[in-house]
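Q: coordinates only, sequence not included:
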């Protein structure tokens, strides 16, 4: 599946639902767990990225995984019956990337308090 997705030949629904949804659910589980603990996720990520050894590497690996999924989903988004799904998927991927890059910038450039 990954080889076909890399070449942009995989059906879009497989890339979106079988790869993307688990990645997003894991990320949201972490966020909800942090909020339930009374910790703002951005504060937690800032602290862990800068003060826990190895966490910056983990953050980079998770970021690379997300960016890889975005690239695969973009490449395969044309493999649908109705073109409206291609447009919708690319808009959602773009919004997600914008949010991701903004969050990365906030985490990595935030002043220490």
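A: Good, I have the coordinates. Note that the structure is predicted; figures quoted are calculated from it, not measured. Numbering: from 1, shown residues only.

Q: what distance do you get for residue 72 to residue 23?
A: 11 Å (CB to CB, to the nearest Å). Every residue, glycine included, has its C-beta placed from N, CA and C.

Q: between these two, which one's more packed in?
A: The residue with more neighbours, out of residue 72 and residue 23, is residue 72; 24 against 15, by other CB atoms under 10 Å.

Q: you'd agree that one is up against residue 15?
A: Yes. Counting by CB atoms under 8 Å, residue 15 is a contact partner of residue 72 at 5.3 Å.

Q: return every residue with contacts to both of these two.
A: residue 5 (CB atoms under 8 Å, 6 or more residues apart in numbering).

Q: quick one: least confident helix or strand in the protein?
A: helix 41-51 (a mean of 66; mean pLDDT, DSSP states H and E).

Q: ok, and the most centrally placed residue in the chain, which helix or strand is that part of?
A: Taking CA atoms, centre = their mean, the centroid of the chain lies closest to residue 66, which sits 3.7 Å from it. Using DSSP states H and E, residue 66 maps to helix 55-76.

Q: helices or strands up against that helix?
A: helix 2-6, helix 21-36, helix 41-51, helix 83-109 (3 or more CB pairs under 8 Å, 6 or more residues apart in numbering; DSSP states H and E).

Q: mean pLDDT lowest for which of those?
A: Of all these, mean pLDDT reaches its minimum on helix 41-51 (a mean of 66).
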